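Trainee: Give me a model of this one.
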Amino acid sequence: MSVVAHPNFEAIFREEFLKSAPLYVAASKVRMPHEDIRLGATVMYRGALHEESRCPVLVSDYRVVEGDPTEEAHIAIVIGLAREAGVVVDGLIRVENCKGLDGTDPRDTAMLRVTNIFEHLDGRSNLLIGQIVSEKEIGWMYYRFHFAAARVRM
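Mentor: Have a look, this model is predicted:
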């Protein structure tokens with residue numbers, strides 16, 4: 001079994017993800033330190049009177065690749081995964097907005113901070129996308145990234 005990364009998979013994923021996640025696109029982004037994944041919390045906002053931190057969650061999925069598909073079939077799988085990831089992230093944003101008891105619109109992004117799903121603070125990639133290829137078993141394509149969102153009270 002070996003991991004194969006197509007040079008265009010990340011670019012395709014990024015483009016389709018951003019099309020499918022309008023709340024993510026509209027929110028303010030913060031780049032999370034990679035170490036915060038192990039610490040279990042990341043600071044989303046540090047203000048004079050308070051600090052907002054959240055636990056980063058792992059968002060991931062995969063698709064089984066059957067037979068010997070063409071490059072177009074692989075790209076179609078990446079597009080599908082990216083679209084679904086965008087819907088999941090926008091759902092997580094809505095959940096964060098609904099946590100308050102003040103009747104906030106679940107789609108409000110005015111006071112929202114989200115982690116950058118593409119890059120960590122130190123420049124390392126947050127998004128990992130690839131393909132597992134095996135001569136004996138069915139292969140699969142996957143993605144994963146860490147995400148957190150916080151509604152900030154100033």
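
Trainee: confidence score at the closest residue to His50 other than its chain neighbours?
Mentor: Distances taken as CB to CB, 6 or more residues apart in numbering put Arg153 closest to His50, at 7.1 Å, once the chain neighbours are dropped. No exception for glycine: its C-beta is placed from N, CA and C like everyone else's. Looking at Arg153, its pLDDT is 72.

Trainee: Likewise for Ala85?
Mentor: Model confidence at Ala85 (pLDDT) stands at 98.

Trainee: ok, it to Glu52 distance?
Mentor: Ala85 sits 24 Å away from Glu52, going by CB to CB, to the nearest Å.

Trainee: now swap in Ala150 and tell me
Mentor: Using CB to CB, Ala150 is found at 4 Å from Glu52.

Trainee: cool, Glu71 as well?
Mentor: Applying CB to CB, the value for Glu71 to Glu52 is 43 Å.

Trainee: More neighbours: which of those two?
Mentor: Ranked by neighbour count (other CB atoms under 10 Å), Glu71 and Glu52 place Glu52 first, with 17 against 9.

Trainee: same for the longest helix along the chain, what does it pack against?
Mentor: Ranked by residue count under DSSP state H, the longest helix found in the chain is helix 71-98. Helix 71-98 sits against helix 9-20, helix 22-26, strand 57-65, strand 112-115, strand 128-133, strand 139-147, strand 149-151, with contacts defined as 3 or more CB pairs under 8 Å, 6 or more residues apart in numbering; DSSP states H and E.
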